[in-house]
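Q: sequence-free structure coming up:
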């Protein structure tokens, strides 16, 4: 029983962290129409920066500044935001598929950098030597994991409420206006590029938050955590949940993460040993099929965006 | 330095063949096709299968063409693989891209192409195993072109380059001398106007997929001849091929050829100053530089969105 509870807490923690990332991506893609092909770069920037700033002193590589957790986390968010700002400055005015390619390239280069830069990020062996917050007050094990889950859940709820407020307010209307008709928005004196850049940075900071929480939870991050498959999983969550709908995004995160872990468990339990070697490949094929299938048969997702219209009966989408 | 230049030209030829198909489909269908590089993998593995098949049927042809490690059967297999990959490209379009295109926005296509890439890459891994494979176990010694500085070239590399260049010359002749070539260039210039002047756009889309798949298959086999065949060829080449396409300007075939060589040479020359672990990042740096300095590529023009 305790085993099951611990597992559920563990599962819900990871699912909630990923849900935060999906919310960040939803601001990019669902609300602004920005195609971010490099989700892991911003996720990783948040995670790496948090561990470098908050870790214990290290001889082999940069970091171990031992900052209080709050500051380290904040630093992670700032670094993720700065990376997004830099990438956005270069690419946001370009057509959307250029942005997709450029951000995909950012993710490849990020993984390549952290894998090779021994002095900066610990290279292929990753970053360790991180004191988890409040580790000396809360006993390790289930109690600690439950407390950390509560913290992640609070972060998820705060992100959700913050985004809902942002999207329902004037900024959200502006985003949708630009997404639907850029020329009209420009004619009203708005600057689409600047608004897009703002949305790109905010969404990336949220992705950085997810990465920081992920790295904190494991007290470890390595190049294995920033492989393109994570980008792909986070997209699948958003597409299944329904782009443009924050509640759908959260539901999609839990659904896909549940399906992912369940398929991994089933394969390791029931598949013959020679097939188990290919568990990863089978899971990748499944998730690829889920994405393509959703796009073919239910492109609006399981929980479609409810279009906000000022006059009823004006849209028939 | 000269060795790097030679290696760069070789890789460049392979990237060019990949980029031609990508630039055409990206221009025609207006989406960044992240699964295009998987066509290279399909081509490389299809040639492996055809090679085994032809070797079983025609054992007499299973001899290497000296001084290459390339066998007669593999040459035949390459042609068969080009045909099969071209057909696969159409099949993928009919099954998936065409339907997504009719359903939703342009960006759904990019998502779909990522999904397709994921499925193809891992199905190949499931079917053929995750280990690397080789067309031939024979060791072909490199020819020493010069001792100081040491420059080594394998006969297979020279063949690959010559074959790639020959394919490009044929393509050039087709583009400049045949009706298909005129239509293709008309469509690349302006799809709407081309349609108005009586070109069947649906058929052109199919022909472009065949062309792209065929060239990608050749690139995949050439890559396999000079490197190893692995299920992740597509993953490793997708960014360099995108870089070549963007350097050349989306929609420009000759730009794609030049872009391929430029990216291949630049990526290899970068190894002179950069530790080799960083080489996967070089195409990205080239890409960003071009996007900032000349957003529409060297040969591309601004196009209406």
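A: Cool, got the structure. Quick caveat: nothing in here was measured; it's all calculated off a predicted structure.
Q: in the helix or strand hosting residue A:211, what counts as buried?
A: Here residue A:211 sits within helix A:192-218, counting by DSSP states H and E. Neighbour counts over helix A:192-218 (16 or more other Cβ atoms under 10 Å in any protein chain shown) mark A:192, A:195-218 as buried. C-beta here means a position set from N, CA and C on the backbone, and glycine is covered the same way.
Q: tell me how many other residues crowd residue A:161.
A: 11 (other Cβ atoms under 10 Å in any protein chain shown).
Q: rewinding a little: ok, and of the buried residues of helix A:192-218, which contact chain B?
A: With the criterion set as Cβ under 8 Å from any Cβ of the partner chain, no member of these is near chain B.
Q: need the pLDDT of the closest residue to residue A:239 other than its chain neighbours.
A: In this structure, residue A:239 finds its nearest non-sequential neighbour in residue A:294, 5.1 Å apart by Cβ to Cβ, 6 or more residues apart in numbering or on different chains. With respect to pLDDT, residue A:294 scores 92.
Q: quick one: residues contacting residue A:294.
A: Residue A:294 is in contact with A:239-240, A:301, counting by Cβ atoms under 8 Å, 6 or more residues apart in numbering or on different chains.
Q: for chain B, what's the longest helix?
A: The residue-count maximum for a helix in chain B (DSSP state H) belongs to helix B:2-29.
Q: buried residues of that one, list them for me.
A: Buried-residue list, helix B:2-29, by 16+ other Cβ under 10 Å: B:3, B:6-29.
Q: and the helix holding residue A:211, average pLDDT?
A: 95.
Q: check stretch B:79-91 too.
A: Mean predicted lDDT for stretch B:79-91 stands at 97.
Q: gap between that stretch and the chain center?
A: 13 Å (Cα atoms, centre = their mean, to the nearest Å).
Q: any part of it near chain A?
A: No - Stretch B:79-91 stays clear of chain A (Cβ under 8 Å from any Cβ), getting no nearer than 14.0 Å.
Q: got the contact list for that stretch?
A: Contact with stretch B:79-91 is made by B:21, B:39, B:42-44, B:46-47, B:50, B:54, B:206, B:209-214, B:216-218, B:220-221, as judged by Cβ under 8 Å, 6+ apart.
Q: now do the helix or strand following the helix holding residue A:211, average pLDDT.
A: Toward the C-terminus, helix A:192-218 is succeeded by helix A:228-241 as the next helix or strand (DSSP H and E). For helix A:228-241, the mean per-residue pLDDT is 94.
Q: same question for stretch A:54-68.
A: On average, stretch A:54-68 scores 85.
Q: next one: stretch A:153-161
A: For stretch A:153-161, the mean per-residue pLDDT is 98.
Q: with stretch B:275-293 instead?
A: On average, stretch B:275-293 scores 89.
Q: spit out the contact partners of the closest residue to residue B:119 other than its chain neighbours.
A: Closest residue in space to residue B:119, ignoring its immediate chain neighbours: residue A:288 at 3.8 Å, by Cβ to Cβ, 6+ apart. By Cβ under 8 Å, 6+ apart, residue A:288 lies in contact with A:232, B:115-119, B:122.
Q: between the residues you listed, which sits nearest residue B:63?
A: Residue B:63 lies nearest to residue B:122 out of these, by Cβ to Cβ, at 35.4 Å.
Q: I figured the closest one hits residue A:289, correct?
A: No - at 10.3 Å, residue B:122 does not count as touching residue A:289 under the criterion of Cβ atoms under 8 Å.
Q: out of these two, which sits in the busier spot?
A: Using other Cβ under 10 Å, the more surrounded residue of residue B:122 and residue A:289 is residue B:122, with 23 against 14.
Q: the more buried one belongs to a helix, doesn't it?
A: Yes - when DSSP: H, G, I helix; E, B strand; the rest coil is applied, residue B:122 is found to be in a helix.
Q: same list, the contacts of residue A:288, but as CSV with secondary structure and distance to residue B:183 please.
A: Putting the contacts of residue A:288 into CSV (DSSP: H, G, I helix; E, B strand; the rest coil; distance: Cβ to Cβ, whole Å) gives the following:
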residue, secondary structure, distance to residue B:183
A:232, helix, 37
B:115, helix, 31
B:116, helix, 27
B:117, helix, 29
B:118, helix, 34
B:119, helix, 32
B:122, helix, 37
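Q: burial count for residue 92?
A: By default, I'm working from chain A. 23.
Q: that's the other chain; I wanted chain B
A: As a burial measure, residue B:92 scores 23 neighbours (other Cβ under 10 Å).
Q: do you know how far it is from chain A?
A: Using Cβ to the nearest Cβ, to the nearest Å, residue B:92 is found at 10 Å from chain A.
Q: so which bits of the strand or helix carrying residue A:22 are buried?
A: For residue A:22, the element it lies in under DSSP H and E is helix A:2-25. For helix A:2-25, the neighbour count (16+ other Cβ under 10 Å) marks A:9-10, A:12-25 as buried.
Q: now for the helix or strand just after it, which elements pack on it?
A: The first helix or strand that comes after helix A:2-25 along the chain, using DSSP H and E, is helix A:39-54. Judged by 3 or more Cβ pairs under 8 Å, 6 or more residues apart in numbering or on different chains; DSSP states H and E, helix A:39-54 is in contact with helix A:2-25, helix A:69-91, helix A:96-116, helix A:192-218, helix A:228-241.
Q: could I get the ones you listed as TSV with distance to residue A:60?
A: Converted to TSV, those look like this (distance: least, Cβ to Cβ, whole Å):
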stretch	distance to residue A:60
helix A:2-25	27
helix A:69-91	19
helix A:96-116	14
helix A:192-218	18
helix A:228-241	25
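Q: contacting residues for residue A:55?
A: A:63-66, A:127-131.
Q: any low-confidence regions in the chain?
A: Reading this off chain A. Along chain A, the model assigns pLDDT under 70 to residues A:95, A:307-317.
Q: if you could check chain B rather than the one you did, that'd help
A: Residue ranges of chain B with pLDDT under 70: B:138-141, B:148, B:299-305.
Q: of the contacts of residue A:294, which is the most crowded?
A: Neighbour count (other Cβ under 10 Å) singles out residue A:239 as the most crowded of the contacts of residue A:294, with 31 neighbours.
Q: so what's that residue up against?
A: Contact analysis of residue A:239 by Cβ under 8 Å, 6+ apart lists A:252, A:291, A:294-295, A:301, B:111.
Q: could you rerun that using 10 Å?
A: A:22, A:29-30, A:248-249, A:252, A:256, A:290-295, A:298-302, B:108, B:111-112, B:115 (Cβ atoms under 10 Å, 6 or more residues apart in numbering or on different chains).
Q: pull out the buried residues from these.
A: A:22, A:29-30, A:248-249, A:252, A:256, A:290-292, A:294-295, A:299-301, B:108, B:111-112, B:115.
Q: tell me which of these fall in strands.
A: If you go by DSSP state E, these have nothing in strands.
Q: before we move on, back to that, reformat the contacts of residue A:55 as JSON lines; add neighbour count, distance to chain B and secondary structure.
A: Below are the contacts of residue A:55 laid out as JSON lines (neighbours: other Cβ atoms under 10 Å in any protein chain shown; distance: Cβ to the nearest Cβ, whole Å; DSSP: H, G, I helix; E, B strand; the rest coil):
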{"residue": "A:63", "neighbour count": "23", "distance to chain B": "20", "secondary structure": "coil"}
{"residue": "A:64", "neighbour count": "19", "distance to chain B": "24", "secondary structure": "coil"}
{"residue": "A:65", "neighbour count": "15", "distance to chain B": "26", "secondary structure": "coil"}
{"residue": "A:66", "neighbour count": "14", "distance to chain B": "29", "secondary structure": "coil"}
{"residue": "A:127", "neighbour count": "27", "distance to chain B": "18", "secondary structure": "strand"}
{"residue": "A:128", "neighbour count": "16", "distance to chain B": "21", "secondary structure": "coil"}
{"residue": "A:129", "neighbour count": "18", "distance to chain B": "23", "secondary structure": "coil"}
{"residue": "A:130", "neighbour count": "26", "distance to chain B": "25", "secondary structure": "coil"}
{"residue": "A:131", "neighbour count": "13", "distance to chain B": "30", "secondary structure": "coil"}
